[in-house]
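> pasting a predicted model and its sequence here:
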Amino acid sequence: MKKEMVLTLLAGSLLFGALFGACTAVAPPSPYGPVPTPAQLEWQKMEYYMFVHFGPNTFTDVEWGDGKEDPQVFRPTALDCRQWVETARNAGMKGIILTAKHHDGFCLWPSQYSTHTVRESGWKEGKGDVLRELSDACREYGLKFGVYLSPWDRNHPAYGTPGYNRIFAGTLQEVYTQYGGNEIFEQWFDGACGEGPAGRKQEYDWELFRQTVLSFNPELVIFSDVGPGCRWMGNERGVAGETNWSTLDTAGFTPGLGAPSSHVLNSGNRGGQAWVPAETDVSIRPGWFYSPSTDDRVKSLEQLTDIYYTSIGRNSNLLLNVPPDRRGRIHPNDSARLMEFRDHIAASFQTDLAQGAGASASSVRGNSSRYRAANVLSDDYDTYWATDDGEQTAWLELSLPSEQTFNRLLLQEYIPLGQRVARFTVEIRGAAGAWEKLTEATTIGYKRILRFPAVTASGVRVRIDEALAAPVLNRIAVYRALEQAVVSR
């Protein structure tokens, strides 16, 4: 009887403890402002993927075809989409977006909505299908597949008439039904709206276009000047804003001529009403399409590395264009540079010098270990440090295991709860033990990487000087990257 009583009391004690713990658990911060959808979050985690411009322009040596080119000019001699995908994967890229239809209207698949396609070309006696080959290769190699489909069509006779919007919507439907539309990760809509046959212009039905693709893939990330999935960041040089909000005011704006200013696209809107993160598109060559004259003008390692820091390092994804040559393969010069770039970045971020550090903060949300400062040292994306609601200034300090020399600092906000930090300062603790200012910046977002001349310190402190809501950080890391000349951007 005594033994049963002891067990009963013990069970009651455990139950009370569990109930008490549940009652006193500290709730996580409420989301602040717009937040990413699950698809947008997974898109952001991709960080780096390939753009492929390929079509008649590859063979005519122009950037914008006029739609009058003979389809017979499209005649790759050794096209190999598996080589594209293998190159992208080896370079560390997570996907490929193909210009399946550029402004000239030429379709890289045998579309029933056009007579300007691979079907009319001399390639494979008109039986080829680049879209099929690339989508299959991406699936085989485990890369994500995306499509660029320009609504501008300089060839189609209906362009500039009321019926064209339905024709373009049908073209979208054709692609999404025949090429695994539920697997397409990004739809790229160019906002260009120039003349078609006889100088006609079209008023695009953007809502129809968006709803058409979303009906096949509700999780799709749609790119345009105003999203809704992600936005152009205002230039083609590879430079996102030093201040870069993932939020944007989109009401009253449209892609193309109706878009916000380049400055707004580059920096986003503080307190913007929609979550529309930035995507940085830039070409590895001077042009978007292959030209033999640019074989010796592939961007240098220094240029690509600088672009890495001004895109991925500034809360933006990097969409790097690598145009196949006239054989239908990625040129050896481009491939070699991609691998050199991959190795440089891998070596620079191989060792996080903050691992093993002690972590402390000005405050911890509810004094709960769930939100402790040390969470910023974890590789688990869903753990984070947070403060109490209303605390919009704070600091977090890392005491390094030993004195370290470093030149890069990586910061991440936990964006499922929104983008919050507006301004912060970084301090280091020198040999004398005093804290001194190292640098300062504005936004963080999904990822921010700060560059500075190498310093030696025993501690790092991130001081949040201004935030729109209680700060929520899920990563701080310290690196000694390979030194190189920094291109002014």
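Arrived safely, thanks for sending.
> from the chain's centroid, how far away is whichever strand or helix holds Ser458?
In this structure, Ser458 sits in strand 448-467 according to DSSP states H and E. Centroid separation for strand 448-467 versus its chain: 24 Å, with Cα atoms, centre = their mean, to the nearest Å.
> ok, and for it, which residues are buried?
Using 16 or more other Cβ atoms under 10 Å as the test for burial, strand 448-467 gives Arg448, Ile449, Leu450, Ala457, Ser458, Gly459, Val460, Arg461, Val462, Arg463, Ile464, Ala467. In short, each C-beta sits where N, CA and C put it, glycine included.
> now for the residues you listed, which pair is the farthest apart?
Spatial extent of the buried residues of strand 448-467 (Cβ to Cβ) is set by the pair Ser458 and Ala467 at 26.9 Å.
> and the strand holding Ser458, what does it pack against?
strand 394-413, strand 421-429, strand 435-441, strand 472-479 (3 or more Cβ pairs under 8 Å, 6 or more residues apart in numbering; DSSP states H and E).
> what's the angle between the first one and strand 421-429?
Right, the one you point to is strand 394-413. Orientation check (axes from the mean of the first three to the mean of the last three Cα atoms, to 10 degrees): strand 394-413 against strand 421-429 gives 110 degrees.
> and the third one, by the same measure?
Here strand 435-441 runs at an angle of 150 degrees relative to strand 421-429 (the same axes, to 10 degrees).
> going forward can the numbers begin at 54, since that is how I track them
Noted, 54 is the first residue going forward, which turns the last one into strand 488-494.
> mind listing what's buried along strand 488-494?
Taking 16+ other Cβ under 10 Å as the criterion, strand 488-494 shows Trp488, Leu491, Ala494 as buried.
> likewise stretch 319-330?
The neighbour-count check on stretch 319-330 (16+ other Cβ under 10 Å) flags Asn319, Ser320, Gly321, Asn322, Gly325, Ala327, Trp328, Val329, Pro330 as buried.
> mean confidence score for stretch 505-519?
For stretch 505-519, the mean pLDDT works out to 98.
> same question for stretch 156-168.
98.
> what are the buried residues along that stretch?
Buried residues in stretch 156-168 (16+ other Cβ under 10 Å): His156, Asp157, Gly158, Phe159, Cys160, Leu161, Trp162, Pro163, Ser164, Tyr166, Ser167.
> the last one touches Gly223, doesn't it?
It stands for Ser167. No: Ser167 lies out of contact with Gly223 (Cβ atoms under 8 Å); the separation is 10.4 Å.
> how far does stretch 207-224 stretch from start to finish?
For stretch 207-224, the first-to-last residue distance is 15 Å (Cα to Cα, to the nearest Å).
> and stretch 92-108, by the same measure?
End-to-end distance for stretch 92-108: 30 Å, by Cα to Cα.
> same check on stretch 413-429?
With Cα to Cα as the measure, stretch 413-429 spans 10 Å from end to end.
> which residue sits closest to the residue nearest the centre of the chain, ignoring its sequence neighbours?
The residue lying closest to the centre of the chain (Cα atoms, centre = their mean) is Asn370, at 2.4 Å. Excluding the flanking residues, the one nearest Asn370 by Cβ to Cβ, 6 or more residues apart in numbering is Glu332, at 4.9 Å.
> what does the helix or strand containing the one you found contact?
Assigned by DSSP H and E, Glu332 belongs to strand 331-336. Defining contact as Cβ atoms under 8 Å, 6 or more residues apart in numbering, one finds that strand 331-336 is touched by 104, 106, 276, 283-286, 289-293, 297, 299, 318-319, 321, 360, 363-364, 368-374, 376.
> and the next helix or strand past that strand?
helix 354-363.
> in PDB, list the C-alpha atoms belonging to that next one.
The C-alpha coordinates for helix 354-363 follow below in PDB (Å, rounded to 0.1, in the frame of the first residue of the first chain):
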ATOM      1  CA  LEU A 354      36.600  35.600 -60.200                       C
ATOM      2  CA  GLU A 355      36.900  38.900 -58.500                       C
ATOM      3  CA  GLN A 356      33.800  40.200 -60.200                       C
ATOM      4  CA  LEU A 357      31.700  37.100 -59.400                       C
ATOM      5  CA  THR A 358      32.800  37.100 -55.800                       C
ATOM      6  CA  ASP A 359      31.900  40.700 -55.400                       C
ATOM      7  CA  ILE A 360      28.500  40.000 -57.000                       C
ATOM      8  CA  TYR A 361      28.100  37.200 -54.400                       C
ATOM      9  CA  TYR A 362      28.500  39.700 -51.600                       C
ATOM     10  CA  THR A 363      26.200  42.300 -53.200                       C
END
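> pLDDT (mean, whole number) over the helix or strand following that helix?
Downstream of helix 354-363, the next assigned helix or strand under DSSP H and E is strand 369-374. For strand 369-374, mean pLDDT rounds to 98.
> which other helices and strands contact strand 369-374?
Partner elements for strand 369-374 (3+ Cβ pairs under 8 Å, 6+ apart): helix 91-99, strand 101-105, strand 331-336, helix 354-363.
> of those, which is nearest Ala131?
Checking those against Ala131 by Cβ to Cβ gives strand 101-105 as the closest, at 16.0 Å.
> if you compare the directions of the closest one and strand 369-374, what angle comes out?
Relative orientation of strand 101-105 versus strand 369-374 (the same axes, to 10 degrees): 30 degrees.
> angle of strand 101-105 against strand 331-336?
50 degrees.
> what are the contacting residues of the next helix or strand after strand 101-105?
Along the chain past strand 101-105, the next helix or strand (assigned with DSSP H and E) turns out to be helix 109-113. For helix 109-113, contacts defined as Cβ under 8 Å, 6+ apart pick out 116-118, 122, 124, 126-129, 155, 157, 159, 342-343, 376-379.
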